[in-house]
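Trainee: Predicted model, plus sequence, below.
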Amino acid sequence: MSTPDNNPADTPSKTPSKTPSNTPGNAPDAARTAVGTATGDTPWATGEEIIRFQDVTKRYGRQVVLDDLCFSVYAGKHVTLIGPSGSGKTTILRLLMTLIKADEGSIRVEGDYLTHEERNGKLVPAGERHIREVRKKIGMVFQQFNLFPNMTVMRNLTEAPVRVLGLSRDEAEQRARELLEMVDLTEMSAKYPSQLSGGQQQRVAIARALAMRPRILLLDEVTSALDPELVAGVLDLLRDIAHHTDITMLTVTHEMNFARDISDCVMMFDHGKILEAATPEKLFNDPEHTRTREFLNAVL
Amino acid sequence: MSTPDNNPADTPSKTPSKTPSNTPGNAPDAARTAVGTATGDTPWATGEEIIRFQDVTKRYGRQVVLDDLCFSVYAGKHVTLIGPSGSGKTTILRLLMTLIKADEGSIRVEGDYLTHEERNGKLVPAGERHIREVRKKIGMVFQQFNLFPNMTVMRNLTEAPVRVLGLSRDEAEQRARELLEMVDLTEMSAKYPSQLSGGQQQRVAIARALAMRPRILLLDEVTSALDPELVAGVLDLLRDIAHHTDITMLTVTHEMNFARDISDCVMMFDHGKILEAATPEKLFNDPEHTRTREFLNAVL
Amino acid sequence: MTWGLWNNWMLPGIWITIQVTLYSAAIALAVSFTIGTARTSRLWIVRFLSGIYFELFRGASALVLMFWLFFALPIAAGWQLVPMWAGVLALGLTYGAYGSEIVRGALAAVPTAQREAGIALNFTKLQRLVRIELPQAWPEMIPPFNNLAIELLKGTALVSVISVADITFSANLIRFTTTESAPIYSIILVMYFVLAFLITRGMRVLERHAKAGVGKAPERSGGLWSKLSLRRGRSEAAGAITAGGAR
Amino acid sequence: TRVGSADDTEGGNLLERLRDQGTVRVGIAGEVPYGYINDEGELTGEAPEIAKVIFERLGVESVVPVPTEFGSLIPGLRAQQFDVVSAGMYINPDRCRQVIFSDPDYVMLDAFIVEAGNPLGLSSYEDIVASGARLASGTAYAEIDYAVAAGVPRDDILILPDQVAGMQAVAQGRVDAFAGTAITVREVVARNAEVESTEPFQPYVDGEPAIGAGGFAFRPTETNLRDAFNAELHRLKESGELLEIVRPFGFTEDEMTDLTAEELCRP
Amino acid sequence: MNWDWEVVEEFLPRFWDGVLVTCQALLGGTLIAFTLGLVWALAQRSNLVWVRWPVNAVTEFIRNTPLLVQLFFLFYVVPEWGPSMSPLATGVIGLGIHYSTYTAEVYRAGIDGVPRGQWEAATALNLSTAVTWRSVILPQAIRRVVPALGNYVVAMLKDSPMIAIIGALDMLGEARFFSAETFQYVEPITLVGIAFIVIAYPASLLIRALERRLATY
Ligand SMILES: Nc1ncnc2c1ncn2[C@@H]1O[C@H](COP(=O)(O)OP(=O)(O)OP(=O)(O)O)[C@@H](O)[C@H]1O
Ligand SMILES: Nc1ncnc2c1ncn2[C@@H]1O[C@H](COP(=O)(O)OP(=O)(O)OP(=O)(O)O)[C@@H](O)[C@H]1O
Ligand SMILES: [Mg+2]
Ligand SMILES: [Mg+2]
């Protein structure tokens, strides 16, 4: 695994600013960096740059899963990743969530390096403390819900706020109740996950992620483990969140209608590369690449 | 478990003849017995009656899996069983192979009762000896191949002929080599099953069943555990066997084209009953029952 | 057997056996969790040292260790343990080594997804272990721990050879006084069996509670035989985590 | 739990502590008639009965038995499991290096448990060598060394846990003879008609008679207690009370002695 | 701590005698445990209730009561009405019987682990029950069984010093005897303890290797 120290290409030429420095003015430039093939309008590339992948490469053994990837996501925007199976979509989310580490390149969240920190002007591998500080900004919802089966719904929602954010149990429960109301599961708070349907579990999982008040929410095919009749409920909830909060969303989904509804930008992946990125109107109606067209024909 | 003794309806009115007594003359009659709904031509009901199910009922707990079933199969004919999942097709083959026992009714193979024998004119539960004698006439190929993993291909093919038929090892190997040539696996004889692909394993399993020179071959969805690209090879082999030997075949399959190719008769099952039996031309093109039509629409 | 023998020796013997079982089980449990979790540590040195403990005490014979603690340690170290504690320590340390394998196995069986969910919620490693992984692994540990507890109960008979007056010791004494061997040994074999049976019953209750605690339905009980059968699980052939505390 | 190690007071203050507690723990090996638990579950035997009298006179009312295996008596004493070994333990130089002894309260010859009628005519260790008979003895019994000294190969001696096992082994024909002290043997054969005791005989080691004289053992630091104990023991001997105490256990005038521990400890 | 090599030297000849006895006990115990365990396992699969039930009850009882007490029982009680045996023979039989109830479980799990399809294929090929067991079931079961059996051999090794308590002079017995005579406890018992670890550790490594080797066909 290479660190920025032994990989000069990766070391940023200018010291990254701790406070977000991107202004609307340099957004198009960032967008170009982000997606080489982005053409025409880039309305999603405005505001504060909140996630930045720079030359990120990830390998498993000899297989290159992400290939020298660059892109940025801007605060409050909703970006959807689509692409065939194995193209590396999940890998991106897992890198961001620090569940895995990149082999090359750097990832920044609000200007902070994810796995490195500056000390005396030098970039060194980050300590647990720094990583947890950055990670606080990110929440994730998994395909398989991954609720804690040993805790009631209420405990699932309050455990992390209490233990990690240091909220009092009362505060945490208050917050949890609000969230349960939002996901329409008020009466389930004393149940265990195994007593809920898949759709209910996924709604709890979304609430659990939101309970940490993340600035960024990662959603990895959150409906694909659900029975068809339960999908709509979860998608409606996510639509709600997308339209009524200013949370930045990075979504992997196969639900194209949903992607069209909520996205500011849709990125098409193939073989660990971004094939094209565009507004949903553009990408779904008039894709640049034949590969994208094929893919959309297959899934729509 | 009921025996003929405590179930009068089941005791045959005439003593079954040891030697096959059915002549072409009484075949249509037998066919009527066999399938109540058989209409029009019954070209498969000619020749020697080799299998006869009479009033066979099989239950698992309170579930009736086969419901008072009657049918016959004639020597050298190829009969295919189709029907929805759970309709009892596998159960018929397993009854014939004496892997399970019927609750009521009798099954005869070449006139011999499968699980009973006559002694001094009385029908008594059959001894191991009798059962093995009747079973010699039947071979079976399973969905999951069930090759013996602890033996080479050659041993798989020779073990039973040597131990059961009393062939010398040389004879048995000679026979095995011929069969391996037939299934096109000559060079595999020293390999272990785990070193073969699924399709190859299934071809060995077919050869293993044929090595016992059975008069009847039972085939239970022999291709459904195979990867799609391997199915054709196995079906071709079975077509070959169907067309070039005089072996009686009782096949369960979802491959309708295959069924059409090889069958003299196709029987449609539903809920443990034969819905209709007819030549493949008739059944596939002009089924009597709407249920059959629905089923065919679903699978074709 | 007279009332005097029974009252002065056998009843206290039963109590001693129960005490030795409980104390050594407590030590074994502590060792199991310490070593078991240490063996999943990220730090190689922790893994290495706990691995050494595991191999050492899994290879050691409880009886030999007990002798060593009783006879050799006082001379080697200049201070000695009360005999019962030599026995308790020897049993606790050796059976703890087997127990650590149970803990490690059960922790490894917790889905990685749970660990990842914990990371996504920003729990520390220790919080994940204590709040997520151990509570989920716990119900899975109970059946093998049941088997281990029975092995431990059987092991307590060894303390009799360092003159701790447990059931077996009392039986030897009574055999000696009455010069009758058959009745007393038959009786105490049944006693041990009854104690083992009680342990199993207790563990079943514990398991039901633990399973309910993770929202799982209690395992339906089998027929009469499974009620009488004291062993749980079928790990024998797998060879990984095993009942055989004697391993 | 640690057991406090012996204190540094010159000669030890154990006696005072025992007086305070009112109890003394005596180690016994479960050997009839020296020290054992009787049918009623109570402590008795030649040595415990003497100990009861002496400790009473020393101001310690209650004597609590700690049964242990013979081989563990000395380690157990040193490990403070009990305060006195009251098992009729023989005094010999090896043991004197580990513990200190009171003066002996009896002397004892050896005897064998043999099949009824003594078919092999065994009456000494030399007879065992000559006849090739199979010999057994108890764990850590002094008789083992006597037999070895007489020429019995050590590996041929079956070591059994105690004389009851020895009696059974002889009765079942597993061994031809079980060697023990005359009184042990006398006592145990009384319970089984299939076996009998030989006449007591004097064992020899290197031509010297090996004197089996048993006493009470104390931790080496506790000389004060030992001396106090000795004083009372001598008084019992002089008054003849000693014989009266031990007579119920099969002891006679023959077993009384004036030997001292010092003589017996001399290598 | 004072370690005296002279004591070690003095003890060594007896130690080797003890090693020999330990090996004999282990070998004998293993043979009995392996064969008797198979008998139990087959009996437990019997169709006859009056075979299955008592065998289940007896094995369950033996497995859940202490080996040490069983050894006492064999040593003191059995000779009252049966044959009388030397301590070593008693130890071998005791170890063997005790562990046979464990190996029975191993065999049972191994046999149950053979897929049902194998039985069915054997029936379809008309193989007799005897041939089915010999050629099909047991060869497959043995692969699952061998490593687990190996584990129990190691377990038996570690339980073997119990025979010292009934007077068989294995490694521990010799050490005990030596110590009782010489009052030297540290060296002999430490030596014996190390010996057990030194034998058991490579043995368990071997078993783990075997397990990996046999895991696949
Ligand atoms: N732990 C791993 N070890 C080895 N290869 C891995 C691992 N995780 C992922 N991969 C490989 O990385 C590639 C990309 O995986 P990823 O899960 O990111 O794909 P995806 O786009 O999310 O696909 P899907 O739509 O199927 O979820 C795949 O080819 C996969 O085989
Ligand atoms: N061992 C068994 N115990 C209980 N029920 C059984 C058992 N075997 C089969 N059944 C039931 O018997 C019914 C018929 O099963 P069978 O296997 O004959 O169906 P099938 O027609 O072969 O179906 P499929 O196409 O799925 O193989 C099913 O409902 C099944 O659930
Ligand atoms: Mg994915
Ligand atoms: Mg089927």
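Mentor: Now that the structure is in, tell me what you want to look at. Ligands and ions are numbered 1, 2, ... in the order given.

Trainee: which residues in the stretch 51-200 of chain D form strands?
Mentor: For the stretch 51-200 of chain D, the strands defined by DSSP state E, counting those that start in this stretch cover D:62-67, D:84-90, D:100-101, D:106-108, D:110-115, D:135-138, D:158-160, D:177-181, D:195-197.

Trainee: Show me the one of the ones you listed that comes nearest A:Val109.
Mentor: For A:Val109, the closest of the strands of the stretch 51-200 of chain D is strand D:62-67, at 71.2 Å, according to Cβ to Cβ. All C-beta atoms are positioned from the backbone trio N, CA, C, and that covers glycine.

Trainee: Can you tell me the closest non-neighbouring residue to the spatially most distant residue from the centre of chain E?
Mentor: Going by Cα atoms, centre = their mean, the residue of chain E most distant from its centre is E:Ala124, 38.1 Å out. Once flanking residues are discounted, E:Ala124 sits nearest to B:Met140: 4.0 Å by Cβ to Cβ, 6 or more residues apart in numbering or on different chains.

Trainee: Show me what that neighbour is bridged to.
Mentor: Note on B:Met140: beta-bridge partners B:Leu218, judged by DSSP bridges.

Trainee: Count the residues that sit near it.
Mentor: Other residues within reach of B:Met140, judged by other Cβ atoms under 10 Å in any protein chain shown, total 28.

Trainee: give me the number of residues near A:Arg177?
Mentor: Neighbours of A:Arg177 under the rule other Cβ under 10 Å: 15.

Trainee: My error: substitute C:Gly13 in the last question.
Mentor: Residues within reach of C:Gly13, counting by other Cβ under 10 Å, total 24.

Trainee: I figured it hits C:Ile174, correct?
Mentor: No - using Cβ atoms under 8 Å, C:Gly13 makes no contact with C:Ile174, being 9.2 Å away.

Trainee: what about the closest residue to chain B within the stretch 201-300 of chain A, which helix or strand?
Mentor: The minimum distance from the stretch 201-300 of chain A to chain B, using Cβ to the nearest Cβ, falls at A:Ala298 (18.3 Å). If you go by DSSP states H and E, A:Ala298 is part of helix A:290-299.

Trainee: then that helix to PDB, C-alphas only?
Mentor: Provided in PDB are the C-alpha atoms of helix A:290-299 (Å, rounded to 0.1, in the frame of the first residue of the first chain):
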ATOM      1  CA  THR A 290     -22.800   3.600 -26.600                       C
ATOM      2  CA  ARG A 291     -21.700   1.600 -23.600                       C
ATOM      3  CA  THR A 292     -24.000   3.800 -21.400                       C
ATOM      4  CA  ARG A 293     -26.800   3.400 -24.000                       C
ATOM      5  CA  GLU A 294     -26.400  -0.400 -23.900                       C
ATOM      6  CA  PHE A 295     -26.400  -0.400 -20.100                       C
ATOM      7  CA  LEU A 296     -29.500   1.700 -19.900                       C
ATOM      8  CA  ASN A 297     -31.300  -0.400 -22.500                       C
ATOM      9  CA  ALA A 298     -30.500  -3.500 -20.400                       C
ATOM     10  CA  VAL A 299     -31.800  -2.000 -17.100                       C
END
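
Trainee: May I have the phi/psi pair for A:Leu275?
Mentor: Listed backbone geometry of A:Leu275 is phi -80, psi -50, with angles given as degrees, to the nearest 10.

Trainee: So for it, what's the nearest residue that isn't a sequence neighbour?
Mentor: A:Met268 (4.5 Å).

Trainee: Does that neighbour lie in a helix or a strand, and which?
Mentor: Using DSSP H and E, A:Met268 sits in strand A:265-270.

Trainee: D:Asp254: neighbour count?
Mentor: For D:Asp254, the count of nearby residues is 12 (other Cβ under 10 Å).

Trainee: which SS state does it fall under?
Mentor: For D:Asp254, the assignment made with DSSP: H, G, I helix; E, B strand; the rest coil gives helix.

Trainee: What distance do you get for it to D:Glu208?
Mentor: Distance, D:Asp254 to D:Glu208, by Cβ to Cβ, to the nearest Å: 20 Å.

Trainee: how about the lowest-mean-pLDDT helix or strand in chain E: buried residues?
Mentor: Sorting the helices and strands of chain E by mean pLDDT, DSSP states H and E puts helix E:78-81 at the bottom, at a mean of 76. Buried residues in helix E:78-81, counted by 16 or more other Cβ atoms under 10 Å in any protein chain shown: E:78-79.

Trainee: And chain B, is the very next helix or strand once past it touching that?
Mentor: Downstream of helix E:78-81, the next assigned helix or strand under DSSP H and E is helix E:87-112. No - Helix E:87-112 stays clear of chain B (Cβ under 8 Å from any Cβ of the partner chain), getting no nearer than 12.8 Å.

Trainee: Following the chain past helix E:87-112, name the next helix or strand.
Mentor: Using DSSP H and E, the next helix or strand after helix E:87-112 towards the C-terminus is helix E:116-124.

Trainee: Can you tell me what sits against that following helix?
Mentor: B:97-99, B:135, B:138-140, B:142, B:144, B:146-148, B:209, E:131-132, E:136-137, E:140 (Cβ atoms under 8 Å, 6 or more residues apart in numbering or on different chains).

Trainee: biggest helix in chain A by residues?
Mentor: Across chain A, the longest stretch assigned as helix under DSSP state H is helix A:228-244.

Trainee: centre of the chain versus that one, how much separation?
Mentor: From the chain centre to the centre of helix A:228-244 is a distance of 17 Å (Cα atoms, centre = their mean, to the nearest Å).

Trainee: Rounded mean pLDDT for it, please.
Mentor: Mean per-residue pLDDT for helix A:228-244: 88.

Trainee: Show the contacting residues for the residue nearest to the spatial centre of chain A.
Mentor: By Cα atoms, centre = their mean, chain A has its centre lying nearest to A:Leu218, at 2.9 Å. By Cβ under 8 Å, 6+ apart, the residues touching A:Leu218 are A:93, A:96-97, A:138-141, A:250-251.

Trainee: Next one, pLDDT for whichever residue of the stretch 201-300 of chain A sits closest to chain C please.
Mentor: Nearest to chain C in the stretch 201-300 of chain A, going by Cβ to the nearest Cβ, is A:Met212, at a distance of 6.4 Å. With respect to pLDDT, A:Met212 scores 92.

Trainee: Next: D:Val3.
Mentor: Looking at D:Val3, its pLDDT stands at 43.

Trainee: Figure out how far whichever strand or helix holds C:Phe48 is from the centre of its chain.
Mentor: Counting by DSSP H and E, the element that carries C:Phe48 is helix C:44-59. Centroid separation for helix C:44-59 versus its chain: 18 Å, with Cα atoms, centre = their mean.

Trainee: need the next SSE after that helix, C-terminal direction.
Mentor: On the C-terminal side of helix C:44-59, the closest following helix or strand by DSSP H and E is helix C:62-67.

Trainee: Could you check stretch D:69-79 against chain E for contacts?
Mentor: Yes - using Cβ under 8 Å from any Cβ, stretch D:69-79 reaches chain E at D:71, D:74-75.

Trainee: can you pull the buried residues of that stretch?
Mentor: D:69-79.

Trainee: For A:Gly88, state which of those residues is nearest.
Mentor: D:Ala79 (68.8 Å).

Trainee: Excluding sequence neighbours, find me the nearest residue to the closest one.
Mentor: Distances taken as Cβ to Cβ, 6+ apart place C:Gln80 nearest to D:Ala79, at 4.7 Å, with adjacent residues excluded.
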